[in-house]
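S.K.: sequence first, predicted coordinates after that:
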Amino acid sequence: MTLTECLNSTNLNQSGRDAYALVERLYPMFRSLTGAGFRQSLDVLKELIPLETHAIASGTAVFDWTVPDEWNLRTATIRNAAGDTVVDFKNHNLHVVGYSVPVRATLTLGDLLPHLHSLPQQPDLIPYRTSYYTSAWGFCLTHRQLESLRAQDGPFDVEIDATLAPGHLNWGECVLPGRLEEEVLISTHACHPQLANDNCSAVALSAMLARLLAPVERKYTYRFLFAPGTIGAIAWLSKNQANAKRIAHGLVCACVGDAGPTTYKRSRRGNATVDRAAECVLRDTGTPFRVEPFSPYGYDERQFCSPGFDLPVGCFMRTPPGKFPEYHTSADDLNLVRPDALGDSFGKLLRIVHVLETNETFVNQKPHCEPRLGKRGLYNATGGTSPVDTQMALLWVLNLSDGSHDLLDIATRSGLPYATIQHASNLLAATDLLAPSDMKTK
Amino acid sequence: MTLTECLNSTNLNQSGRDAYALVERLYPMFRSLTGAGFRQSLDVLKELIPLETHAIASGTAVFDWTVPDEWNLRTATIRNAAGDTVVDFKNHNLHVVGYSVPVRATLTLGDLLPHLHSLPQQPDLIPYRTSYYTSAWGFCLTHRQLESLRAQDGPFDVEIDATLAPGHLNWGECVLPGRLEEEVLISTHACHPQLANDNCSAVALSAMLARLLAPVERKYTYRFLFAPGTIGAIAWLSKNQANAKRIAHGLVCACVGDAGPTTYKRSRRGNATVDRAAECVLRDTGTPFRVEPFSPYGYDERQFCSPGFDLPVGCFMRTPPGKFPEYHTSADDLNLVRPDALGDSFGKLLRIVHVLETNETFVNQKPHCEPRLGKRGLYNATGGTSPVDTQMALLWVLNLSDGSHDLLDIATRSGLPYATIQHASNLLAATDLLAPSDMKTK
Amino acid sequence: MTLTECLNSTNLNQSGRDAYALVERLYPMFRSLTGAGFRQSLDVLKELIPLETHAIASGTAVFDWTVPDEWNLRTATIRNAAGDTVVDFKNHNLHVVGYSVPVRATLTLGDLLPHLHSLPQQPDLIPYRTSYYTSAWGFCLTHRQLESLRAQDGPFDVEIDATLAPGHLNWGECVLPGRLEEEVLISTHACHPQLANDNCSAVALSAMLARLLAPVERKYTYRFLFAPGTIGAIAWLSKNQANAKRIAHGLVCACVGDAGPTTYKRSRRGNATVDRAAECVLRDTGTPFRVEPFSPYGYDERQFCSPGFDLPVGCFMRTPPGKFPEYHTSADDLNLVRPDALGDSFGKLLRIVHVLETNETFVNQKPHCEPRLGKRGLYNATGGTSPVDTQMALLWVLNLSDGSHDLLDIATRSGLPYATIQHASNLLAATDLLAPSDMKTK
């Protein structure tokens, strides 16, 4: 099956519902940078796609960083003097500060308070806090819970039964070989606990994209990476410098399930093919979208676009991190993520991949004057698009196919949809008028 | 006589009236891609300018095309059962579909209808239709005429007495040699029958421009081309590849007589000197104008700007094709074209030519600090322009004449009119301060 | 002392008051292109800074110009028939046309009028007029004075007791050597008589800047030039062609004391480092400012940016010449210039110099992925700026420090204040993360 057929036959409503079901499964799992919950999440993905799990030992140096100890949690509770459990991570994973060291103590409220985190401005939400690189313990709770603790008699029994010990950091990779060794990287951070949009949404969509591409003829080799944020990308880059050099196009995916418009953040290069592809796809939708310049703050594009790599990797999102009020709180839940938004994001991802796969530089073989379209059956040729657009697209492709413009350039300069330009190039390439350029596509 | 003197002494009102008179003569002639009417039109031009007629035989291969058979028409009528002539091309050339094959038949209205073309939305206008590359016949008529046929008793006698047989395709060329072998091409399509703006207007203005330039000292060689649209330009390019290489600047002229603002469509290169010249001239008029990017749809710039040639040829128009409601209908008549619009277009064409002729790159011979203008009589020097502008123009020319800016660059960057800049360069070149650059003007 | 310490410890209110006091001293002195008053003004500056006075003899050829005779004036009066002095240059220096030749005559009003200059539209102001290169004499007076002359009985006794004879043209230079031979030029015209904003304001501020920089560690060598307008800059360039080649950055300063917003006029190059520095400093103030493109009209940037030199010299002003109604009249007085505006201009000049001194190109020494800031004490590092900005600035400096972006580039692209970016670079350069590039800063 070709990707074009696949694109045309995909029901995005169904894809959205499937993705949502996957988000529902991933959402409650107890994930962190390391540990059983992270591996359990990868296991869910393995049901869908051929995923290899990689492990790197705690203490391993990865560039400027060291792989941390593995963290596993059994219990995290606060009980009041009456013996009632007033906070329990079993009610919500966010209740425990990530990477908390073990503790078992009876504390006055005054001694406990420095270990409690709440959001006074959003009193019903539990914040998300971690302490990866500083030895500490703590609980997160709603501000109303915190206020109710103040009304209770102490002392409080706190228990965090956790292990923080040498083990492994894991990531999952799904590699789908293509005709070319050059790779398309799709990377999602998969470490966040019980946050639906950030980033179960993108983990689910990436897995679905891998599943869809697995049986399709591919030009590029695709590498899907499900790794813990920051340290996972750094570990992967550290161990895959040869593979990194093969990355021709890349996307970091995150927060793809909320109702906001799609946001594309450009790679550090600013005009990489993936940047042009994403912007053209979003333009062609005719619906609102945002394009942001690169900044060295965000998700793992920070690592892929560090100056030593400077890879052509952009970031595909709906509402960017920190820009939605539910961000990094318990309100980033299964209500924030919507099947229709997931389906819409999936369709756009598919189209970007389709552009990357089909974008090519052709050379007009009859470049002196216009060739006769009629005698090749191309006069008033139609396709999925309007005849007028197709006719204009044929003229644009012939005019600009001088070996220095790829189809994306032609779509951009002509203002015509990429699909129309690509359809026209197919019609022309089936005649004697158009041949692929020997030049590499940009 | 110099072109500048010529420019200053030309009465554009009179030019507009002269051009209109020429449009009146050309308008009723029965033109098509080939045939007697086309040659008759060239004969009118020969009264004004030294025009050579070229012929190329039917069947000759020209790039991807073949020169068609020659078409000549004697009769094209529809008569009703009562013997009344209800449609006759003698009433309007547009009544017959161009390149109709001969036919003599008696048909019911039902059988006739597929051969009739009208405009239901513009019921009083006759459309313009051709069938150059498909063997067919037909009539064009107003929608009211078509409706009246429906009210009459059939059958109808149709007669198209035409010959469509091997012969020749013709074009006219007027070449005015200049000091340089490099050429300025002015190309107009001359094949349209009884359409005043499209393109009797431009045929007339181009001929008048050639007449005006004939006795003038010229830097460039000028080539005026009057050819059938598309196939004529293709045939000319096919037979003139060496000449095409000499084209330094070019304009396709079309639809220059309507009341709309002037439109300049850039060459494929987008920043050719002719593009900069046309935009500067239009800017300097201080009246509304439009500049459009290149697109591979329009008039014969399609051929000159095909990727195998990529010539610096833009398109000079008033309202572009398809953008005025009279386009390709019988309403494109002698009322649509106006003497004042023709005069205005003529003035702008002349100014563009004047810029091309005078644009030069100079080198300031005293480039260290400002030279003293006073001791050379240039302090508060004036000219056709205000003293303040002249003084500023002198400073701009001196400052930017470092061998890498031509006068057009200086006019654009300074915001001063080209004429003021050029006047200042003349004043300076008459002193020891400015010398022509050895570098070729861009 | 470092410039940064100096910048932080400078009280701009006090600087403004000091500058104003200096303007008050310079304002009444009788200056012209040459002569005792010009030298007297330099003597005032010598009290503040190590200034060398240079002299060039009348008649010396300097590029296309000749150094004029020296002009000194003792008396310039008009007396009426009653013997009353009705115009006397001792009341205002502007009363005499600069470079007037000596005259002693009794004239009717009719014969006197061609020698009188007034401003009918600004009847209470005395205009500023000179006749440097044409032998003439004249008086300037308010239009009300001129009208009162008409009501008086003539004839009038006029006396201009002046010498216009071979002598010298002078300028002052203050050179502060730095670690580099490359120079920063600060140039002000110092020839205008009794005009406060144009240019006592800039003479005073430049002198104060020299005084401030004298005890500071400097990267660049600084050259402050106080010369007569036009001919002074030309004479300096003529005699200092080797020094001119060393000018890495330059500013012409003029009209820096009025209440208008700061205006920066770009160098001819348009994107020189001094242009980027000035625009970044003005952007960072968060208050209104204007940036103008280069034009070959204005102050001595005309000479520094002539095509034979094309030096990276911009022009720092508040309201540009000709754009304030008091320009070149007696209303350009001690009321037009304000201590607060002088202080504000001084602060901006200091910041531009600070940017030039500190702007550098660094290379991230750990360019593969982000380095760990925490283990170097840089996580949530703060400084003079907000912690969030500092954190972002650290990331930007690390990300863009690939040897091809200087700190100004990073400040511009990130949108963060230069000071924040520079602070971040200092923090990073103190660790193993950042090292200076071997490449020269642009």
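M.R.: Looks like it came in fine. Residues are numbered from 1 along each chain as shown, chains lettered A, B, ... in the order given.
S.K.: which residues sit in contact with the residue nearest to A:L400 when sequence neighbours are not counted?
M.R.: Residue nearest to A:L400 in three dimensions, not counting chain neighbours: A:I410, with 4.9 Å by CB to CB, 6 or more residues apart in numbering or on different chains. Using the backbone N, CA and C atoms, a C-beta is placed for each residue, glycine as well. With contact taken as CB atoms under 8 Å, 6 or more residues apart in numbering or on different chains, A:I410 is in contact with A:396-397, A:400-401, A:416, A:421.
S.K.: out of these, which is nearest to chain C?
M.R.: Nearest to chain C among these: A:L400, at 30.8 Å, using CB to the nearest CB.
S.K.: re earlier: ok, the residue nearest to A:L400 to chain C distance?
M.R.: From A:I410 across to chain C, the span is 30 Å (CB to the nearest CB, to the nearest Å).
S.K.: sec struct for that residue, please.
M.R.: Three-state call for A:I410 (DSSP: H, G, I helix; E, B strand; the rest coil): helix.
S.K.: pLDDT wise, what is it at?
M.R.: As predicted, A:I410 sits at a pLDDT of 98.
S.K.: what does the stretch 151-300 of chain A put close to chain C?
M.R.: Contacts of the stretch 151-300 of chain A with chain C, taken as CB under 8 Å from any CB of the partner chain, map to A:230, A:233-234, A:237-238, A:268, A:295-297.
S.K.: just the buried residues out of the residues you listed, in PyMOL syntax.
M.R.: Those of those that count as buried under 16 or more other CB atoms under 10 Å in any protein chain shown are selected in PyMOL with:
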select buried, chain A and resi 230+233+234+237+238+268+295+296
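S.K.: circling back to that earlier point, distance of the residue nearest to A:L400 relative to A:L395?
M.R.: 10 Å (CB to CB, to the nearest Å).
S.K.: one more: A:A259?
M.R.: For A:A259, the distance to A:L395 - CB to CB - is 40 Å.
S.K.: look at those two and report which has more neighbours.
M.R.: It is A:L395, of A:A259 and A:L395, that has more neighbours when counted by other CB atoms under 10 Å in any protein chain shown, with 20 against 14.
S.K.: for that one, what is the enclosing helix or strand?
M.R.: Using DSSP states H and E, the element containing A:L395 is helix A:387-400.
S.K.: and for the residue of the stretch 1-150 of chain A found nearest chain B, the neighbour number?
M.R.: Closest to chain B within the stretch 1-150 of chain A is A:T4: 25.1 Å, counting by CB to the nearest CB. By other CB under 10 Å, 17 other residues sit near A:T4.
S.K.: do A:T60 as well
M.R.: Close neighbours of A:T60, defined as other CB under 10 Å, add up to 14.
S.K.: distance of the residue lying closest to it once chain neighbours are set aside relative to chain C?
M.R.: Leaving aside its sequence neighbours, A:T60 sits nearest to A:V67 (CB to CB, 6+ apart; 4.5 Å). The gap separating A:V67 from chain C is 13 Å, by CB to the nearest CB.
S.K.: what's the distance between A:V67 and A:Y379?
M.R.: Between A:V67 and A:Y379 the computed distance is 64 Å (CB to CB).
S.K.: which of these two has more residues huddled nearby?
M.R.: Remark: of A:V67 and A:Y379, A:V67 carries more neighbours, 24 against 14, as counted by other CB under 10 Å.
S.K.: enumerate every residue touching the more buried one.
M.R.: Counting by CB under 8 Å, 6+ apart, A:V67 has contacts A:56-61, A:168-169, A:231, A:235.
S.K.: now for those residues: which two are most distant?
M.R.: By the measure CB to CB, A:A61 and A:H168 form the most distant pair in the contacts of A:V67, at 14.9 Å.
S.K.: residues of stretch A:393-402 that come out buried?
M.R.: Neighbour-count burial for stretch A:393-402 flags A:393-402 (criterion: 16+ other CB under 10 Å).
S.K.: contacts for it?
M.R.: With contact meaning CB under 8 Å, 6+ apart, stretch A:393-402 is reached by A:361-364, A:367, A:370-371, A:373, A:378, A:381, A:385, A:407, A:409-410, A:413-414, A:416, A:420-421, A:423-425, A:427-428, A:433-434, B:268, B:295-297, B:302, B:305-307, B:310.
S.K.: do you know the pLDDT at the closest residue to A:V337 other than its chain neighbours?
M.R.: Leaving aside its chain neighbours, A:V337 sits nearest to A:G257 (3.5 Å; criterion: CB to CB, 6+ apart). pLDDT for A:G257: 98.
S.K.: cool, the one 3 residues further on as well?
M.R.: pLDDT, A:G260: 98.
S.K.: residues near it, how many?
M.R.: Burial measure for A:G260: 17 neighbouring residues, criterion other CB under 10 Å.
S.K.: quick one: contacts for the closest residue in space to it that isn't next to it in sequence?
M.R.: Spatially, and ignoring its direct neighbours in sequence, A:G260 is nearest to A:T319 (3.7 Å; CB to CB, 6+ apart). Listed by CB under 8 Å, 6+ apart, the contact set of A:T319 reads A:255, A:258, A:260, A:263.
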